[in-house]
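> Return atomic coordinates for the entry below.
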Amino acid sequence: MRWLDADGGRSFLRALPVLAGSAPPFDIGSAPAEPLPLFIEWIEQAAQAGVPEPQAMTISTVDALGAPRARVLILKAIDKDGWHFAASSASQKGRDLSAHPAAALTFHWPEVVRQVRVVGTVVDDGAQASAADFLGRPIGSRAMALTLRQSQPLADPAEIDAEIAKAHRKLTDDPELVPAEWVSYAVRPTQIEFWQGSPDRKHLRLSYQRAGDDWERTQLWP
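Numbering: from 1, shown residues only. Here you go, the predicted structure:
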């Protein structure tokens, strides 16, 4: 099967397999009262099924003009304070969160035909958590972050090597250096949805909605 410009690739795209994974059993009636234990069970099952990087998630934000943006980041932790990730406040996503401190996280695990969507407000974890995250990153990652150039126009690829070399020198001189722009963020969820696909399209969907200190569970139509 080849891409055909005549139909905009429709025949090519329709021929690609979908919902081809193997979903573990999911009994909505016995789902826990809170979403976190279910997420832990699902991400463990995704890892056991061989899903590459099951901790990778798409984070969607809205910029100052109201335009949506999405990119893939790594989930760092989940606890009572939220779902944690880190980024430079000077990056596009950092600027988006400054303008609109809310985000949606999407996990997609095709091998187990599952998705999880998390929606909530975003808060700064504080300087101590941000420093701990930065210092725990590999040296190459810290050097790139120190350039503070993410998403800026690149006129000459040689600039990258020069800026990274400069950052490595800074880290050699001060191994505990943490840029003020580096932030550990937490999404405090107001809604979490678990989706399990089925070839007959009778997908299983379970929504958890925050209700004060508790959660309300609702099964949704496919």
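> okay, CA-based contacts and neighbour counts for the rest of this
Noted.
> Now do the buried residues in the helix or strand harbouring residue 128.
Following DSSP states H and E, one finds residue 128 within helix 127-135. When neighbours are counted by 16 or more other CA atoms under 10 Å, the buried residues of helix 127-135 are found to be 130-131, 133-134.
> Looking at those residues, which one is closest to residue 108?
Within the buried residues of helix 127-135, proximity to residue 108 (CA to CA) peaks at residue 133, which comes in at 24.4 Å.
> My guess is that closest one contacts residue 184. True?
Yes. Proximity of residue 133 to residue 184 meets the contact threshold set by CA atoms under 8 Å, at 6.9 Å.
> what residues do these two have in common as contacts?
Applying CA atoms under 8 Å, 6 or more residues apart in numbering, one finds that residue 133 and residue 184 are jointly contacted by residue 86.
> Centre of the chain to the following helix or strand past the helix holding residue 128, how far?
Tracing the chain C-terminally past helix 127-135 and defining elements by DSSP H and E, one meets helix 139-146 next. The chain centre lies 20 Å from the centre of helix 139-146; the measure is CA atoms, centre = their mean, to the nearest Å.
> The following helix or strand past helix 139-146 packs against which elements?
Beyond helix 139-146 in the direction of the C-terminus, DSSP H and E gives the next helix or strand as helix 158-173. Using 3 or more CA pairs under 8 Å, 6 or more residues apart in numbering; DSSP states H and E as the contact test, the elements touching helix 158-173 are helix 139-146.
> So which residues of the protein form helices?
In chain order, the chain shows helices spanning 10-15, 35-48, 92-99, 127-135, 139-146, 158-173, with DSSP state H as the criterion.
> Residue 65 is nearest to which of those?
Closest to residue 65 of those is helix 92-99 (CA to CA; 9.1 Å).
> For the residue nearest the centre of the chain, list each beta-bridge partner.
Nearest to the geometric centre of the chain sits residue 57, at 2.7 Å (CA atoms, centre = their mean). Residue 57 has these beta-bridge partners by DSSP bridges: residue 73.
> Many thanks, we can stop here.
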